[in-house]
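[1] this one's structure only:
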């Protein structure tokens, strides 16, 4: 199914594929290309280690992973770092580095003139890539559900703004409704010092009261969300 959808998207255009080095990602690409009947002369394929799945640890033992997931609910999906592994924030950092490489190559006039770029990776990595490009906050990221296996998420370039828009659907929130329109387009970073000052003032007011405070360990968002 994904291969046929891919064929309809890229047609006969020259396309560059960046893929995770994990075997299952390479197998997925092979099956997709076979189903799409893509001309090998019209594609370029590159293994990209920064698109690998989140590292959950070197040797995973079931009871240890269960304890880790219980701890993650307290710390937060984005910030919790698995033992000998990574946090979502770590993956966010390496996806950011990959994105810099990607856009540098897209603006390189000496490169072949690709019409499409396809990333073959993993659910969490896909969400973090979109989070980084769209400038989602952590709360929104935690409320976006992983897409099903074999899903294709499309970022389409808008000729007016020269930026990309998420045209595919993702489930959002506890009710698993459609992702809000505001998360489909690239958000500008918030540089409004007045809003930040108000938040600081509110924080100082709370801390100076007799009300008990709670250490901020990161927002869990959707507790049902799993990686």
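    Received the coordinates, thanks. Since the model is a prediction, treat every value here as computed from it, not as a measurement. Numbering: from 1, shown residues only.

[2] packing partners for the longest helix along the chain?
    Criterion DSSP state H: the longest helix present in the chain is helix 88-106. Packed against helix 88-106 by the contact rule (3 or more Cβ pairs under 8 Å, 6 or more residues apart in numbering; DSSP states H and E) you find helix 123-134. Glycine gets a C-beta too; all of them are placed from N, C-alpha and C.

[3] Give me the buried stretch members for the helix or strand containing residue 63, please.
    Counting by DSSP states H and E, the element that carries residue 63 is helix 62-75. By neighbour count on 16 or more other Cβ atoms under 10 Å, the buried set for helix 62-75 is 68, 72.

[4] Would you enumerate the residues in contact with the closest residue to residue 130 other than its chain neighbours?
    Leaving aside its sequence neighbours, residue 130 sits nearest to residue 166 (Cβ to Cβ, 6 or more residues apart in numbering; 6.3 Å). Residues in contact with residue 166, defined by Cβ atoms under 8 Å, 6 or more residues apart in numbering, are 130, 134, 153-155, 179, 183-185.

[5] Give me the angle between the helix holding residue 63 and helix 88-106.
    Counting by axes from the mean of the first three to the mean of the last three Cα atoms, to 10 degrees, helix 62-75 lies at 80 degrees to helix 88-106.

[6] what's the average pLDDT for helix 62-75?
    Averaged over helix 62-75, pLDDT sits at 87.

[7] Tell me the helices and strands packed up against it.
    Helix 62-75 packs on no helix or strand, going by 3+ Cβ pairs under 8 Å, 6+ apart.

[8] can you give me the offset of it from its chain's centre?
    22 Å (Cα atoms, centre = their mean, to the nearest Å).

[9] Show me where this structure has its strands.
    15-19, 43-47, 116-120, 155-157, 164-166, 171-172, 177-178 (DSSP state E).

[10] Among those strands, show me which one is buried the most.
    Of all those, strand 15-19 carries the top mean neighbour count, a mean of 20, counting by mean count of other Cβ atoms under 10 Å.

[11] what's the offset of that strand from the middle of its chain?
    For strand 15-19, the distance to the chain centre is 17 Å (Cα atoms, centre = their mean).

[12] ok, residue 92 - contacts?
    78, 128, 131-132.

[13] what separates it from residue 41, distance-wise?
    Counting by Cβ to Cβ, to the nearest Å, the gap from residue 92 to residue 41 is 36 Å.
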